[in-house]
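Enquirer: Okay, predicted coordinates and the sequence, questions at the end:
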Amino acid sequence: MRVVLLGGAGALAGGAGIPLVQGAVPRLVLVPVAFRLALFLQAVWAGGPLGAPVLGLAIVLYLVPNLAEVAWVFHRSTGIRPVLAADTAYTLVTSVAAAIFAAHEPGLLALTWPNIMGTVMVWTLLRGAPSGAIAIAGAVLLRYGMAVVSGTSAPATWIVLALVAAAATALAIVVLVAGAMRFAHRLGEQRGRAAERERYRRDLHDTVLQVMESLALPAPRDGLDPVGSLDQVRRIARAHALRLRLSLDGDAPTEPGGLEHRLGALAVEMTAEGLRVDLVSLAKPTDVPESVVNSLHDAAREALRNTLKHAKTGKAVMCLEEHDGIVTVSVRDHGTGFDTGVRRAGFGIENSIHARLAEIGGTARIDSAPGQGTRVVLTAPLELRFPVG
């Protein structure tokens with residue numbers, strides 16, 4: 001935490017280099033602004049009923065600029081330096097104006113105190129303890145200078161203790177923010193590694209394991225044409241080995257075409273492996289996000305491979321449709337089926353289908369019964385509400 005104490009929240013933005021952190025750090029100025037507003041209301045309340053001219057001038061000098069600073073920080077993409085410059089200029093202008101008009105309106109001078117303390121907090125928050133100490137010294141000189149200009153008595157020495165307390169509060173806030181950011185960073189790393197391990201297991205299951213299991217399945221033509229069956233096995237193995245090698249090298253080509261084209265290519269692929277797949281397009285959705293295309297394609301491939309391995313049928317139907325911004329891909333077979341209430345969902349169903357659809361905000365439903373085949377319904381929104389990947 002030593003860097004944080006010396007460099008303040010600015011060290012978080014400069015050191016992390018994360019856009020989210022860099023955008024959030026200037027908004028820490030909202031803490032001293034809220035502090036100012038609370039003290040301003042308390043000072044107005046403690047000062048008793050104020051006349052309309054004094055109250056109107058106080059609102060113009062203190063309340064409106066602070067609210068404008070809140071709006072500015074929220075609606076502008078700004079860095080730390082503009083925030084510091086604007087806040088410091090605001091405090092100097094209001095303090096000098098209050099000192100000038102203090103002879104006619106003595107109550108204005110007391111209302112500058114929240115602004116001065118707030119600026120000390122801003123410098124300490126964004127620049128650390130050394131800058132906070134310099135800000136305290138400047139605030140003391142400013143406050144004594146205001147007394148000279150206004151012709152009033154010099155403030156008591158306890159103002160230094162109050163300013164130190166404000167700076168210490170700001171440093172405590174910085175330490176808490178730094179701890180929270182470090183915790184969030186570590187938690188994000190842990191979850192990212194877990195997600196990467198899960199993705200690797202899923203990819204391994206969907207490629208190597210599924211292909212090896214499909215190659216091990218007996219086919220009717222094995223006895224009639226063993227040479228042709230062996231040649232087909234070799235072609236499938238070579239094709240998947242090439243695809244796997246390209247993915248390991250990072251040179252895997254992007255699949256061309258949209259969702260309908262990808263599903264058509266999947267039907268051809270599965271037909272070559274022994275499962276005839278008919279693709280029926282009831283509607284042709286356009287502008288489907290790539291992440292949705294990939295998830296629906298891979299989940300449908302997992303459903304078809306399960307049909308190939310377990311359904312004891314050589315045919316399946318894949319249907320594509322779109323309605324009200326929802327794209328649906330369903331896979332239907334008339335194989336043996338299974339009891340969904342008794343059979344526990346395996347890795348492929350949970351991770352390659354359900355989890356994959358959940359990542360894009362979609363859902364998967366599996367309907368099956370013994371002797372009545374299986375129907376897998378995959379739905380996904382055409383408009384993603386959050387980035388995927």
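Expert: Yep, that arrived. Numbers count the residues shown, from 1 in each chain.
Enquirer: which stretches of the stretch 101-250 of the chain form helices?
Expert: Taking DSSP state H, counting those that start in this stretch to define them, one finds helices in the stretch 101-250 of the chain at 107-127, 129-150, 158-204, 210-216, 221-224, 226-249.
Enquirer: which sections of the stretch 51-200 of the chain are below the confidence cut-off?
Expert: 51-58, 76-79, 106-107, 154-157, 174, 177-181, 200 (pLDDT under 70).
Enquirer: Surely S330 is in a strand?
Expert: Yes. The assignment for S330 by DSSP: H, G, I helix; E, B strand; the rest coil puts it in a strand.
Enquirer: Correct me if wrong: it contacts C319.
Expert: Yes. Between S330 and C319 there is a contact at 4.7 Å, judged by C-beta atoms under 8 Å. Bear in mind the C-beta positions are built from the backbone N, C-alpha and C, glycine included.
Enquirer: Looking at those two, which one has more neighbours?
Expert: More crowded of S330 and C319, by other C-beta atoms under 10 Å: S330, with 20 against 17.
Enquirer: list the contacts for the more buried one?
Expert: For S330, the contact set (C-beta atoms under 8 Å, 6 or more residues apart in numbering) comprises M318, C319, R375, V376, V377, L378.
Enquirer: Also P65?
Expert: Y90, T94.
Enquirer: Neighbours of A68, how many?
Expert: 12.
Enquirer: angle of the helix or strand where it lies against helix 107-127?
Expert: Taking DSSP states H and E as the definition, A68 sits inside helix 64-75. With axes from the mean of the first three to the mean of the last three C-alpha atoms, to 10 degrees applied, the angle from helix 64-75 to helix 107-127 works out at 20 degrees.
Enquirer: how long is stretch 96-116 from one end to the other?
Expert: From its first residue to its last, stretch 96-116 covers 12 Å (C-alpha to C-alpha, to the nearest Å).
Enquirer: how about that stretch: buried residues?
Expert: Within stretch 96-116, the residues that count as buried by 16 or more other C-beta atoms under 10 Å are 98-99, 101-102, 105, 107-109, 111-116.
Enquirer: could I get the residues you listed as a markdown table with distance to T363?
Expert: Output for these, formatted as a markdown table (distance: C-beta to C-beta, whole Å):
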| residue | distance to T363 |
| --- | --- |
| A98 | 62 |
| A99 | 66 |
| F101 | 66 |
| A102 | 68 |
| E105 | 66 |
| G107 | 64 |
| L108 | 63 |
| L109 | 65 |
| L111 | 58 |
| T112 | 59 |
| W113 | 58 |
| P114 | 53 |
| N115 | 54 |
| I116 | 57 |
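Enquirer: nearest to H334, of these?
Expert: If you rank the buried residues of stretch 96-116 by distance to H334 using C-beta to C-beta, P114 comes first, at 76.8 Å.
Enquirer: quick one, what contacts that closest one?
Expert: Taking C-beta under 8 Å, 6+ apart, we find P114 in contact with F35, R36, L37, A38, L39, F40, A43, Y62.
Enquirer: about what we covered before: for V83, state which of the contacts of S330 is nearest.
Expert: Of those, the one sitting nearest to V83 (C-beta to C-beta) turns out to be L378, at 48.4 Å.
Enquirer: ok, the closest one - contacts?
Expert: L378 neighbours (C-beta under 8 Å, 6+ apart): 296, 299-300, 303, 328-331, 353, 357, 362-364.
Enquirer: Filter those down to just the buried residues.
Expert: L296, A299, A300, A303, T328, V329, S330, V331, I353, L357, G362, A364.
Enquirer: Quick check: ChimeraX command selecting the buried ones in the contacts of P114.
Expert: With 16+ other C-beta under 10 Å as the criterion, this ChimeraX line picks the buried residues out of the contacts of P114:
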select :35,36,37,39,40,43,62
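Enquirer: So which of the contacts of P114 sits lowest on pLDDT?
Expert: Lowest in pLDDT among these is A43, which has 68.
Enquirer: those strands in the stretch 201-350 of the chain, which residues are they?
Expert: 276-281, 315-323, 326-333 (DSSP state E, counting those that start in this stretch).
Enquirer: Pull out the buried positions in the helix holding A68.
Expert: Neighbour count says helix 64-75 has P65, N66, E69, V70, W72, V73 buried, by 16+ other C-beta under 10 Å.
Enquirer: same deal with stretch 262-278?
Expert: For stretch 262-278, the neighbour count (16+ other C-beta under 10 Å) marks R262, L263, G264, L266, A267, E269, M270, E273, G274, L275, V277 as buried.
Enquirer: And those residues, which is the shakiest by pLDDT?
Expert: E273 (75).
Enquirer: From L266, how far off is that one?
Expert: 11 Å (C-beta to C-beta, to the nearest Å).
Enquirer: again, but for L39
Expert: Using C-beta to C-beta, we find L39 at a distance of 66 Å from L266.
Enquirer: again with H354
Expert: 19 Å.
Enquirer: can you check A355 too?
Expert: Counting by C-beta to C-beta - A355 and L266 are separated by 19 Å.
Enquirer: Burial check on Q190, number of neighbours?
Expert: Neighbours of Q190 (other C-beta under 10 Å): 10.
Enquirer: Helices of the stretch 251-389 of the chain, start to end?
Expert: 259-272, 290-310, 347, 356-358.
Enquirer: Out of the ones you listed, which gets nearest to L187?
Expert: Of those, nearest to L187 by C-beta to C-beta is helix 356-358, at 20.1 Å.
Enquirer: Quick one: residues in contact with the closest one.
Expert: Taking C-beta under 8 Å, 6+ apart as the rule, helix 356-358 contacts R202, S295, L296, D298, A299, T363, A364, L378, T379, A380.
Enquirer: sorry, back to before: weakest of the helices of the stretch 251-389 of the chain by average pLDDT?
Expert: helix 347 has the lowest average pLDDT among the helices of the stretch 251-389 of the chain, namely a mean of 59.
Enquirer: Tell me how the chain divides into domains.
Expert: 2-189, 257-389 (automatic domain parsing).
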